[in-house]
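Asks: Following is a predicted model, sequence given first.
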Amino acid sequence: MTDNLPNIVLASASPRRRELLAGLGIRFQVVPSQIDEERLANEAAEDFVRRLSRDKALDVANRSDVEGRWFIGSDTIVVCDQLILGKPADHDDARRMLQLLSGRSHQVMSAYTIHDRDTEEDIVHCEITEVRFRPLTGREIEGYIASGEPADKAGSYAIQGLGAFMVTAINGSYTSVVGLPLSQIVSDLIQLGAVALFPTDAPS
């Protein structure tokens, strides 16, 4: 990827999102947001994750000491039995989540907002992917928790890491489960003129 504009700001501390964008050659700076991520009363799961993504983008965009034009906020949650599974509070919480997901399908919702500081316009999108786990033994759950990988992951697992051993099927965007639906967000960034995939003078 070439000719990327340097005015993209990722309002996230997530190393997974940084790696996904950087892997495409997109140039950006990282300025983590500092918003309250509490869910509102009776807020639907998709509304919740979309709102968080927008709040994160605006939180950083409204800082006068941060330069840039396009601000990307993103959030990812796991939903099972209408329960929102965020990052586990402790080992017991991780165990509860993994027992719930064992042998079943669940949804991963990854939302992002691209805020254009110049026009004050937003693009907000939520990608929903279905993931299925194989049945897990108690020993597998305890071993996975002991690895430390679930600690800062929505739903207490990382599909791109050791947690891949649990996944039997996925219907949707793999990168969205990791933390950012790359295909959709890159399409939006191209449409905005924020990135260029290839040199415009490349031969056809």
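Replies: Right, received. Where do you want to start? None of these values were measured; they are calculated from a predicted model.
Asks: what helix or strand is T119 on?
Replies: Remark: T119 resides in no helix or strand, with elements defined by DSSP states H and E.
Asks: what separates A111 from V195, distance-wise?
Replies: From A111 over to V195 the distance is 20 Å, taken as Cβ to Cβ, to the nearest Å. Backbone N, C-alpha and C define where each C-beta goes, glycine included.
Asks: Compare these two and say which is more crowded by neighbours.
Replies: A111 (27 against 24; other Cβ atoms under 10 Å).
Asks: My read is that the more buried one contacts V124, right?
Replies: Yes. Taking contact to mean Cβ atoms under 8 Å, the distance of 6.9 Å between A111 and V124 places them in contact.
Asks: Name the residues contacting each of the two.
Replies: Counting by Cβ atoms under 8 Å, 6 or more residues apart in numbering, the residues touching both A111 and V124 are 50, 53.
Asks: I'd guessed L10 sits against R27; true?
Replies: No. Between L10 and R27 there is no contact, the gap being 10.8 Å when judged by Cβ under 8 Å.
Asks: Comparing those two, which residue is more hemmed in?
Replies: Neighbours of L10 and R27, each counted by other Cβ under 10 Å, are more numerous for L10; the result is 29 against 14.
Asks: Enumerate every residue touching the spatially most central residue of the chain.
Replies: Ranked by distance to the mean C-alpha position of the chain (Cα atoms, centre = their mean), the top residue is G179 at 2.7 Å. For G179, the set of contacting residues under the criterion of Cβ under 8 Å, 6+ apart consists of 14, 16-17, 20, 74, 76, 110.
Asks: Tell me which two in those residues are the farthest apart.
Replies: By the measure Cβ to Cβ, L20 and T76 form the most distant pair in the contacts of G179, at 11.6 Å.
Asks: the more surrounded of these two?
Replies: Set side by side, L20 and T76 show unequal neighbour counts under other Cβ under 10 Å, the larger going to T76 at 27 against 22.
Asks: The more buried one: what's it in contact with?
Replies: T76 makes contact with 49, 108-111, 154, 176-177, 179 under the criterion Cβ under 8 Å, 6+ apart.
Asks: partners of the one helix or strand it maps to, with directions?
Replies: Taking DSSP H and E as the definition, one finds T76 inside strand 70-80. Each strand that pairs with strand 70-80, with its direction, by DSSP bridges: strand 8-10 (parallel), strand 83-85 (antiparallel), strand 105-116 (antiparallel).
Asks: got a markdown table for those strands, with distance to P150 and mean pLDDT too?
Replies: As requested, the strands paired with strand 70-80 are arranged in a markdown table below (distance: least, Cβ to Cβ, whole Å; pLDDT from 0 to 100):
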| stretch | distance to P150 | mean pLDDT |
| --- | --- | --- |
| strand 8-10 | 24 | 96 |
| strand 83-85 | 11 | 93 |
| strand 105-116 | 15 | 97 |
